[in-house]
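Trainee: coords please:
(one chain, ligands or ions: 1)
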Amino acid sequence: MKNFFVSDLDGKSPGYEATLQGWAQDIRLMKNVGFIVLRDQTGLVQITVKKDSEPFPNLEKISRESVIRVRGKVPEKIMSKIGREFIAENIEILNIAETPLPIGIVDEVEVDFDTRFNNRFMDLRKPEHARIFRAKSAILWGIRSYLISQGFTEVQTPKIVSAATEGGADLFRVKYFEKDVFLNQSPQLYKEMLIASGVEKVFEVGPAFRAEEHNTPRHLNEFTSIDIEMAFADHNDAMSMLENSIASGIENFLKTVPNASEFSLVKTKPKTPFPRITYEECVKILREKGIDVPKGEDLNNEMLKIIGSRFDNFYFIIHWPREVRPFYTSILEDNQNFTKSFDLQFREIELTSGAQRVHNPETLKKKIEEKGLDSSNFEFYLKTFRYGMPPHAGWGLGLERLTQVILNLPNVREASLFPRDRTRVFP
Ligand code: AMO
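Mentor: Next up is the predicted model:
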């Protein structure tokens with residue numbers, strides 16, 4: 001197993017012997033010397049091959065992006081602009097890369113989106129693309145470890161389901177033997193059922209599927225949803241769990257990913273609590289700008305841009321009208337038109353929806369029917385509310401969108417290894 005990486009060369013004294021393995025990103029052959037820029041997941045090093053050394057004659061066989069193993073040592077003086085140099089004593093070619101490459105790694109040519117994503121394995125060899133997934137992993141780890149520290153249990157719920165969670169329109173239908181079933185839009189019903197099972201704090205990190213037609217820089221048809229649900233809690237408790245989770249994710253990313261603050265838009269751990277603004281306050285601000293929001297309607301992108309410009313980065317919009325929230329959302333006690341709900345926003349981008357849930361079975365059944373859904377399809381879920389369901393609250397956070405905003409990526413697809421969108425189901 002490889003246990004020495006390119007970055008492990010840093011600080012090593014002249015003459016230090018090692019074996020490096022990776023991709024030959026670039027090869028330059030001169031009369032008396034050859035240079036290979038070798039890349040591994042930790043960075044680049046210049047491999048210097050002297051003319052009288054054993055590997056020199058084999059250099060011309062090595063094509064760009066071939067995989068090699070280099071035995072050698074640290075030179076007396078580092079001359080390379082890369083800042084790392086290694087003198088080769090032996091080079092083993094482990095696999096030759098075909099030429100031409102589907103996309104270049106070092107060439108400064110613009111590659112169109114489709115070519116990039118059709119050859120995503122190659123596209124990800126570019127450090128500026130690979131580091132997005134390092135960041136995503138570190139953000140997720142920070143969130144996960146925070147939730148675990150708060151007593152949450154990580155769970156896995158089915159993705160093949162028989163009922164819509166978030167409404168009927170955005171469901172992918174799949175053949176399941178002689179029946180039609182669906183790919184789950186969200187673990188909503190299952191995480192709530194687990195509250196009835198007596199696990200008081202659950203979270204899940206898993207795929208969610210939305211058959212949304214939108215082809216926008218914010219929509220994927222398969223995304224990673226981080227979901228939590230907790231018993232004996234309200235929407236305020238859920239919001240504080242969310243802001244602390246996000247702060248922990250960002251802190252871990254900034255601490256553990258090399259040069260994180262150089263490529264991140266968010267350069268410090270965000271301060272909590274995040275600001276909160278009510279939906280009604282948003283409507284008032286928009287009205288002052290001459291924009292009318294019809295009663296009980298969602299805020300569109302243009303409206304959210306105006307609201308978002310008032311905040312530095314993360315903020316909550318709370319107490320959404322009942323019309324725009326799903327059936328499982330509870331209503332505010334002192335104003336029946338509004339809900340105990342929230343969205344976490346970053347500028348105009350929605351990152352999370354959450355709420356305190358309805359825990360009374362009769363109210364819940366009524367609300368399912370009010371939304372035009374057939375409550376008999378939800379019997380498996382409603383049943384769990386009839387035998388001791390505590391008040392509960394939770395949220396769903398889109399991991400790709402969170403990564404997108406933290407790194408200021410122009411498109412959410414950049415934060416998905418193999419994005420699924422309206423036209424792309426390949427590779
Ligand atoms: P909602 O439908 O708002 O809420 O989804 C929660 C979060 O998931 C992300 N998301 C998406 N990301 C990329 N592409 C999409 N098409 C997409 N759709 C949603 C967003 C969004 O804020 N059950 C509730 C959550 C809850 O109340 O617990 C739900 O699924 O970041």
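Trainee: can you read off the pLDDT for residue 9?
Mentor: pLDDT, residue 9: 98.
Trainee: check the one 5 residues further on too.
Mentor: The pLDDT attached to residue 14 in the predicted structure is 98.
Trainee: what do you get for residue 163?
Mentor: On the pLDDT scale, residue 163 gets 75.
Trainee: need the three-state assignment for it.
Mentor: Three-state call for residue 163 (DSSP: H, G, I helix; E, B strand; the rest coil): coil.
Trainee: was I right about it contacting residue 189?
Mentor: Yes - with contact defined as Cβ atoms under 8 Å, residue 163 and residue 189 form a contacting pair (7.0 Å). Where C-beta positions appear, they are placed from N, C-alpha and C, glycine not excepted.
Trainee: so what sits against both of the two?
Mentor: 378, 381 (Cβ atoms under 8 Å, 6 or more residues apart in numbering).
Trainee: excluding its backbone neighbours, what's nearest whichever residue of the chain sits closest to the ligand?
Mentor: In the chain, the residue that lies nearest the ligand is residue 398 (2.4 Å; Cβ to the nearest ligand atom). Of all residues not flanking residue 398 in the chain, residue 223 sits nearest, at 5.4 Å (Cβ to Cβ, 6 or more residues apart in numbering).
Trainee: okay, and the one you found sits in which element?
Mentor: Per DSSP states H and E: residue 223 is located in strand 222-231.
Trainee: the ligand contacts on the stretch 201-350 of the chain?
Mentor: Proximity of the stretch 201-350 of the chain to the ligand, by Cβ under 6 Å from any ligand atom, involves residues 210, 212, 219, 220, 223, 225, 227, 350.
Trainee: buried ones among those?
Mentor: 210, 219, 220, 223, 225, 227, 350 (16 or more other Cβ atoms under 10 Å).
Trainee: for the third one, list the residues it contacts.
Mentor: Counting by Cβ under 8 Å, 6+ apart, residue 220 makes contact with 210, 400, 412, 413, 416, 419, 420, 421.
Trainee: could you do the fifth one as well?
Mentor: Shown here is residue 225, whose contacts under the criterion Cβ under 8 Å, 6+ apart are 186, 187, 204, 205, 206, 207, 208, 396, 397, 398, 399.
Trainee: quick one: the strands in the stretch 251-400 of the chain?
Mentor: Assigned by DSSP state E, counting those that start in this stretch, the stretch 251-400 of the chain shows strands spanning 276-278, 314-318, 331-332, 335-339, 341-346, 349-356, 392-398.
Trainee: quick one, helices of the stretch 301-427 of the chain?
Mentor: Ranges of helices within the stretch 301-427 of the chain are 301-308, 361-370, 379-382, 399-407, based on DSSP state H, counting those that start in this stretch.
Trainee: tell me which of those helices sits most buried.
Mentor: helix 399-407 (a mean of 24; mean count of other Cβ atoms under 10 Å).
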